[in-house]
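**Q** The sequence and its predicted three-dimensional model are supplied below.
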Amino acid sequence: MKILVATDKPFAAVAVNGIKEVVESAGIELALLEKYGEKSKLLDAVKDIDGLIVRSDIIDAEVLNAAKQLKVVVRAGAGYDNIDLATATANGVCVMNTPGQNSNAVAELVFGMAVMMARNLYNGTSGTELKGKKLGIHAFGQVGRNVARIAKGFGMEVFAFDPYCPASVMEAEGVKPITDINELYSTCQYVSLHIPATNETKKSIDYNLLKQMPKGAMLINTARKEVINEEELVKIMDERPDFRYVSDITPDNASVFAEKFTGRYFFTPKKMGAQTAEANINAGIAAAKQSVGFLKEGIDKFKVNK
């Protein structure tokens, strides 16, 4: 059997060493394809593999159809919208993610960006504190729970909306559950997004939601840019000079922000929520263990396709 680690944006060397140890100690061959650039190299590399470990690499129908022996794909991270689940299912391929491995890293970035914006990008003027402010967490998964933990350290009042999470789970974390999404946005000056990009959520963060946020609003996006209705976000920022936006991914209309909203936004140059040494290692080794577990014993605990 053979597992391929295909990462155009490579794991740290220490993570690769950990992956290698897990895979080879199980008697499975490990292949490594890093910084491959051209899709043709990936298509060639998947021809004889049984398992595939990726990060943000696009695993579409062409790649899956080229991998005739493939049995499992593991995305080292929580999001998996870079993988064609329908084709994987049709081809009998199990797709898994590694939930929770990057969650603290992403949560810390939420507050790194929030503090920076609350202090006016450290431009020398007086800013505001997070203490005593109301924070709304939109989706209370692993990242959302870490955001809540850190927020309490800042002395924030924490609310959360997640129709898939029981209120008792939120309450156990000292978080006030909200059952109406409009109430979350109308209550909280700060809202942190942790929803996946699905047909249901794409462009769902729109004018009607954002206009309800209190004065001094800040929207924090460490999820996906696709969940934002970018045109309507620009509209609310045009109407409300108090509205601020920080994002762990540059929107398609970034030039509009640069032209019109200086000092009221911040975008990372690339998605950086999981870009810590610890998260890199955790996610990579988890992906290796899950790949081996599936190939050796059929364990599919974190399977995300049908």
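**A** Right, received. Where do you want to start?
**Q** rest of the way, CA atoms for contacts and neighbours
**A** Will do.
**Q** can I assume Lys133 is in contact with Gln189?
**A** Yes - Lys133 lies in contact with Gln189 (CA atoms under 8 Å); the separation is 6.9 Å.
**Q** Look at the two and report which has more neighbours.
**A** Gln189 (20 against 17; other CA atoms under 10 Å).
**Q** Not counting sequence-adjacent ones, nearest residue to that one?
**A** Ala217 (4.7 Å; CA to CA, 6 or more residues apart in numbering).
**Q** tell me the phi and psi of that neighbour?
**A** Here is the backbone geometry of Ala217 (degrees, to the nearest 10): phi -70, psi 150.
**Q** and Asn97, how many neighbours?
**A** Applying other CA under 10 Å, we find 25 residues neighbouring Asn97.
**Q** mean confidence for stretch 164-179?
**A** For stretch 164-179, mean pLDDT is 97.
**Q** List the buried residues for that stretch?
**A** Neighbour-count burial for stretch 164-179, counted by 16 or more other CA atoms under 10 Å, picks out 167, 170, 175-178.
**Q** Next: stretch 264-274.
**A** For stretch 264-274, by 16+ other CA under 10 Å, it's 264-267, 271, 273-274.
**Q** how far out from the middle of the chain is it?
**A** The chain centroid and the centroid of stretch 264-274 are separated by 12 Å under CA atoms, centre = their mean, to the nearest Å.
**Q** now swap in stretch 87-101 and tell me
**A** 16 Å.
**Q** what's the nearest residue to Leu121 if we skip its chain neighbours?
**A** Nearest residue to Leu121 in three dimensions, chain neighbours excluded: Gly263, at 6.9 Å (CA to CA, 6+ apart).
**Q** Over to Met116?
**A** Excluding the flanking residues, the one nearest Met116 by CA to CA, 6+ apart is Tyr122, at 6.6 Å.
**Q** The one you found - how many residues pack around it?
**A** Tyr122: 13 surrounding residues under other CA under 10 Å.
**Q** same check, this time on Ser255
**A** With other CA under 10 Å as criterion, Ser255 counts 11.
**Q** Buried residues in the host helix or strand of it, which are they?
**A** For Ser255, the host element (DSSP states H and E) is helix 254-260. Buried residues in helix 254-260, counted by 16+ other CA under 10 Å: Phe257.
**Q** List of residues touching that helix?
**A** With contact meaning CA atoms under 8 Å, 6 or more residues apart in numbering, helix 254-260 is reached by 234, 265.
**Q** Find me the pLDDT at Ala197, would you?
**A** As predicted, Ala197 sits at a pLDDT of 89.
**Q** before we move on, the earlier item: if you look at the buried residues of stretch 264-274, which of them are in helices?
**A** Among those, no member is found in helices (DSSP state H).
**Q** what are the ranges of the strands in this structure?
**A** 2-7, 29-34, 51-54, 72-75, 94-97, 134-138, 157-161, 176-177, 190-193, 218-221, 244-247, 265-267 (DSSP state E).
**Q** What are the phi and psi values at the spatially most central residue of the chain?
**A** Nearest residue to the geometric centre of the chain (CA atoms, centre = their mean): Ala223, 4.7 Å. With angles defined as degrees, to the nearest 10, Ala223 sits at phi -90, psi -110.
**Q** Can you get me a residue count around the residue lying closest to it once chain neighbours are set aside?
**A** Distance criterion CA to CA, 6+ apart; nearest residue to Ala223, sequence neighbours excluded, is His194 at 5.0 Å. Burial of His194 is recorded as 24 neighbouring residues (other CA under 10 Å).
**Q** Where is the longest helix in the chain?
**A** Max-length helix for the chain by DSSP H is helix 277-297.
**Q** list the buried ones in that helix?
**A** Buried residues in helix 277-297, counted by 16+ other CA under 10 Å: 279-295.
**Q** Pull the contacting residues for the residue lying closest to Thr98 once chain neighbours are set aside.
**A** Distance criterion CA to CA, 6+ apart; nearest residue to Thr98, sequence neighbours excluded, is Gly77 at 5.1 Å. By CA under 8 Å, 6+ apart, the contact list for Gly77 reads 55, 97-102, 274, 283.
**Q** Equivalent analysis for Ala148, please.
**A** Contacts of Ala148 by CA under 8 Å, 6+ apart are 137, 158, 173, 175.
**Q** Any figure for the gap between it and Gly27?
**A** Separation of Ala148 from Gly27 (CA to CA, to the nearest Å): 41 Å.
**Q** Show me what the longest helix of the chain is packed against.
**A** helix 13-25, strand 51-54, strand 72-75 (3 or more CA pairs under 8 Å, 6 or more residues apart in numbering; DSSP states H and E).
**Q** Convert that helix to CSV, retaining C-alpha atoms only.
**A** What follows is helix 277-297 as a C-alpha-only set of coordinates in CSV (Å, rounded to 0.1, in the frame of the first residue of the first chain):
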residue,chain,number,x,y,z
ALA,A,277,4.0,25.1,13.9
GLU,A,278,1.7,23.4,16.4
ALA,A,279,-1.3,23.3,14.2
ASN,A,280,0.8,22.1,11.2
ILE,A,281,2.2,19.2,13.2
ASN,A,282,-1.1,18.3,14.8
ALA,A,283,-3.1,18.2,11.6
GLY,A,284,-0.5,16.4,9.6
ILE,A,285,0.0,13.6,12.1
ALA,A,286,-3.7,13.3,12.7
ALA,A,287,-4.2,12.9,8.9
ALA,A,288,-1.5,10.2,8.8
LYS,A,289,-3.1,8.2,11.7
GLN,A,290,-6.5,8.4,10.1
SER,A,291,-5.2,7.3,6.7
VAL,A,292,-3.5,4.3,8.3
GLY,A,293,-6.5,3.5,10.4
PHE,A,294,-8.7,3.4,7.4
LEU,A,295,-6.4,1.4,5.2
LYS,A,296,-5.6,-1.1,7.9
GLU,A,297,-8.8,-1.4,9.9
